[in-house]
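Undergrad: turn this into a model:
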Amino acid sequence: MAHPYQQSTVDEIDVGALLAEPLLRNTLVAGLAGVHRTVRWCLPLSELDELKRDAEEPPDQGVVVHAHAARLRGPAGAETITAVAGRGVVAVLVQTEPADVATPGELPFAFPEARRAADRAGLPLALLPPTAGYRAVSQLVATKVLAQATHVLQYSDRVHRSLGEILARGAGISPLAYGMARMSVAPVMVLDLDGAVLAYEATSSVPKPDAGAAAEPLARHLERLCAAPPARAEVTILEPFSDTDAAGASYTPIVAPVMYGGETSGLAAVLEPDGGDAHDRAQRRIVAAEGAVLIGSEMLRIRSMTEAEERIRGDFVVGLVHGRFQDGQQLLARARHHGFNPDGRHTVCVAAIDPPLGDDQAAVRRLGAVARAAENIDAAADRHTLATQIGGHLVVVRQIDRDGSDALSEQELARRFAGTLRQLVADRLRADVRVTFGRVHTGASGVSTSYREARTALGLARRVDVPPLAGYDELRIFVALRDLADSENGRAFAREILTPLRKADGHGRGLESVALAYVGESANLNAAARRLGLHRNTTLYKLERVSRALGMDIRSADTQFMVWLAHHIDSLVQVTDALDAELAPPP
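TA: Here you go, the predicted model:
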């Protein structure tokens, strides 16, 4: 088996296969440990000396050196072996002289110094008959390498044509994986960039290992590829893993990265079962390499279609939540396409991620994957869900129609869905998530109303103490104050109370914070001081300044209520004004 994580091509032969040829058979006398090395070309030792003088770097790996017996005799032979071992040489083939074979039985013991050096270096050393000149040996190496390359090209072409026919039908990734499994006689697994299994196929005659056990080493390898992207796609052999469903069975993943545009986009793996020979493995390498190329083309096609569909669906959701559908016929036509019921009851959830995701391509892709997952929450219940990204937030429109068997109220159903959504986003993004949701309303106009309520709740959640999962109707105080905050009298009242506090502190918020802490702690001076992190006497001094600025005693219950009311009206005004500016139709 190849070394774990060794990257290798399939159009190759090794020293052992070369030495199996009649001309070279039974000629190996030392360096058995190196017979697995790849052979690519042959050079005479004299030409290797020329390369050494012309370049400081060693030549390409895979060189077989043909040398005359005179260069390997005595102590100089050991020096020659040691020198060529560091020059990319994989084997030394020595053309003996007639005198070396004149006495039967002496040839295997000839060149003792060179043999010992070859064993130390793990460099195969073969003693050839006097008739095995450089021309004959180099022709043999070239013929073997070209024959192997031709065989590989022919098989690669066959695999490519077979999988290409599947690709041309546009059948998808699973049929491509099944075609790979049929040709490799082994299970095949395809992963996307996030490590999710896109396809897992095998023929009926081949047992499949547990999907989780198979996906785990592939996902780890994919993480390494993403951390250090390869310059080109290479077939890699991973460590074998054991199947948890079948005692004693193990599989060796033969994997190839799915790449397009120079970027890794997934992984295709042939899971080789125990008992395969070198020829089987070579064929499976070809299947993995060719399959990864065509799967990349299919993934690119699916990605283009998916992104186009997501843009269309996202535009529809944006139009819904912003109330831009003035034409009822246009709404009905697009609603049918996206599965939206114009007469249904809906709530809108807004998920805010902390810390916020960036606007780079990877972050957009991750949030897009979460949006697709959100649309599949409880999809079997025939409650349609639409999701998209708006302003760095995940916005989800959820149908909340109740049936006769559902004992929960509409708002309870909305809250349950919002909780499921929050858990999903947190698990997928591994981040803190705040989800707010509006009340349940009817039709397209109800969606825009619910979205405004959800955004209002989100804006308030950043100003007041609100749980990470909150509905607009749960902020009862602000709901009750909405009309007051929209009126000029309410806004004037908030300005009259809060402006003196802000001006008295140089347009800062220090005195306002002291007053709010005092009110929030039910006029408990010591508790307010602890909340502010101030000394009790300092807090008392600042409260006296608050009373002077207001012209009223802050210790009075009426004054405390006015400060509390003004603060809540001001918070609601700021949130609603910001929303008005955001949701206003373009000029």
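
Undergrad: going forward, measure contacts between C-alpha atoms and count neighbours the same way
TA: Noted.

Undergrad: after the lowest-mean-pLDDT helix or strand in the chain, next one along is what?
TA: Using mean pLDDT, DSSP states H and E, strand 6-8 stands out as the lowest-scoring helix or strand of the chain, at a mean of 40. Of the helices and strands lying after strand 6-8 in sequence (DSSP states H and E), the nearest is strand 13-14.

Undergrad: parallel or antiparallel, which strands does that following strand pair with?
TA: Take DSSP bridges as the rule and strand 13-14 pairs in its sheet with strand 38-39 (antiparallel).

Undergrad: and whichever helix or strand comes after the partner strand, C-alpha only, in PDB?
TA: Counting by DSSP H and E, the next helix or strand C-terminal to strand 38-39 is strand 41-44. Provided in PDB are the C-alpha atoms of strand 41-44 (Å, rounded to 0.1, in the frame of the first residue of the first chain):
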ATOM      1  CA  TRP A  41      13.300   7.300 -17.500                       C
ATOM      2  CA  CYS A  42      16.800   5.900 -18.000                       C
ATOM      3  CA  LEU A  43      20.200   7.600 -18.200                       C
ATOM      4  CA  PRO A  44      23.800   6.400 -18.500                       C
END
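
Undergrad: for strand 41-44, which positions count as buried?
TA: For strand 41-44, burial by neighbour count (16 or more other C-alpha atoms under 10 Å) applies to 41-44.

Undergrad: can you spell out which helices and strands pack onto the top helix by length along the chain?
TA: Using DSSP state H, we find that the single longest helix of the chain is helix 278-321. Helix 278-321 sits against helix 134-168, helix 173-184, strand 235-237, strand 250-260, strand 263-273, strand 385-390, helix 443-461, with contacts defined as 3 or more C-alpha pairs under 8 Å, 6 or more residues apart in numbering; DSSP states H and E.

Undergrad: so what's the gap between that helix and the chain middle?
TA: 14 Å (C-alpha atoms, centre = their mean, to the nearest Å).

Undergrad: following element in sequence after it, please.
TA: Assigned by DSSP H and E, the successor of helix 278-321 is helix 328-338.

Undergrad: contacts for whatever helix or strand comes next after that following helix?
TA: The helix or strand immediately downstream of helix 328-338 is strand 345-354, counting by DSSP H and E. With C-alpha atoms under 8 Å, 6 or more residues apart in numbering as the test, strand 345-354 has contacts from 392-401, 414, 418, 422, 431-443, 446-447, 450-451, 454-455, 458.

Undergrad: hmm, 7 Å instead?
TA: Residues from elsewhere that reach strand 345-354, judged by C-alpha atoms under 7 Å, 6 or more residues apart in numbering: 393-401, 414, 418, 431-443, 447, 450-451, 454-455.

Undergrad: in PyMOL, select just the buried ones from those.
TA: A single PyMOL command selects the buried members of the contacts of strand 345-354 (16+ other C-alpha under 10 Å):
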select buried, resi 393+394+395+396+397+398+399+400+401+414+418+432+433+434+435+436+437+438+439+440+441+442+443+447+450+451+454+455
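
Undergrad: which of the buried residues of strand 41-44 sits closest to residue 228?
TA: residue 41 (30.7 Å; C-alpha to C-alpha).

Undergrad: related to what we said a few turns ago, next, the angle helix 173-184 makes with the longest helix of the chain.
TA: Angle of helix 278-321 versus helix 173-184, following axes from the mean of the first three to the mean of the last three C-alpha atoms, to 10 degrees, is 180 degrees.
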